[in-house]
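Q: what's the 3D shape of this:
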Amino acid sequence: MNRIDVENTAVGFGARGRMARVFVKEAQYEIVKLVRERAYVLSVIGLPIVFFLVFGVAHPNQVVQGHPVAHYLLASYSAFGAMGAAMFAIGVGLVTERSHGWLELKRASPMPTYAYLFAKVLAALAFGELIALALIALGVLTAGLTISIAEMFRLMAAIAGGVFTFSAIGVFLGLILAPGSAVGIINLVYLPLSLCGGLWVPLDMLPKWLQTLAPILPSYQFSVVTLRALGYTGGATDAAWGLLFAYGAAFTLASLWLFRRQELSR
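A: Residues are numbered from 1 along each chain as shown. As a prediction, the model looks like this:
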């Protein structure tokens, strides 16, 4: 390798290093921003914890599929929390930044657009994993649950897969909603998906028509992969992962199309 090749290689590594720092810094600032938003932190983390304590820990004698109800709800409320973290951090955040011109500034800057979206997805993932860890700790300390290290890591992996799908949905909603209606409409998507997907209560406690509808919902498939991570055998894991990926890919493509369309219309 001659001197020019060495210099070009060094320049390439330097450019990639600078780009990596851009992604890391953007993600760091996004997490700091969300931590400072008390309403976001209290609602996204607080709701799953309160629901878990009320419906899981407070009913130690109730059993679902051979396990304490708290064990079942640990998986479903982890999915519930991760859904909220993704849809509100990304959906509401994107709408707010669009309305204040921050997205236009980002587009005009030399920073890659992917770094902006990567930061939001990583922040949503961090909050989703934090919720799962908090529920595991509560389950072990207050309900006497036994969660192995392998189960914990499987649950974290399931949360990461679900965050991808609901981040894509959040981006799509963030690109189409108006600032005044964003929170309300995202709640109208988030809460019914959670209920109908069996995240609040076991699916067999819901009406028959909802049990029939549930398998086509991404929230139900998310619950399947989180439940399987903790040892439950209901549902087909491969099919659930496939449907989650399909939903995520579909909303990603739709969001890219909207993003390009909005750029061309300006």
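Q: Name the next helix or strand downstream of the helix or strand harbouring residue 24, please.
A: Using DSSP states H and E, residue 24 maps to helix 3-36. Going down the chain from helix 3-36, the next helix or strand is helix 38-52, by DSSP H and E.
Q: What residues of that next one count as buried?
A: Residues of helix 38-52 classed as buried by neighbour count (16 or more other Cβ atoms under 10 Å): 40, 44-45, 47-48, 51-52. Where C-beta positions appear, they are placed from N, C-alpha and C, glycine not excepted.
Q: Quick one: list the elements packing against that helix.
A: Packing partners of helix 38-52 (3 or more Cβ pairs under 8 Å, 6 or more residues apart in numbering; DSSP states H and E): helix 3-36, helix 69-86, helix 113-142.
Q: name the helices or strands packed onto the second one?
A: Applying 3+ Cβ pairs under 8 Å, 6+ apart, one finds that helix 69-86 makes contact with helix 38-52, strand 63-64, helix 113-142, helix 149-176, helix 182-196, helix 218-229.
Q: Next secondary structure element downstream of it?
A: With elements assigned by DSSP H and E, the helix or strand that comes after helix 69-86 is helix 93-99.
Q: Which residue lies closest in space to residue 130, excluding its sequence neighbours?
A: Distances taken as Cβ to Cβ, 6 or more residues apart in numbering place residue 45 nearest to residue 130, at 7.0 Å, with adjacent residues excluded.
Q: so that neighbour makes contact with residue 134?
A: Yes. Between residue 45 and residue 134 there is a contact under Cβ atoms under 8 Å: 6.8 Å.
Q: Can you give me every residue that contacts the residue most central in space within the chain?
A: The residue lying closest to the centre of the chain (Cα atoms, centre = their mean) is residue 163, at 2.8 Å. Taking Cβ atoms under 8 Å, 6 or more residues apart in numbering as the criterion, residue 163 is in contact with 82, 85-86, 121, 124-125, 128.
Q: mind redoing it with 6 Å?
A: Contact partners of residue 163, counting by Cβ atoms under 6 Å, 6 or more residues apart in numbering, are 82, 86, 124-125, 128.
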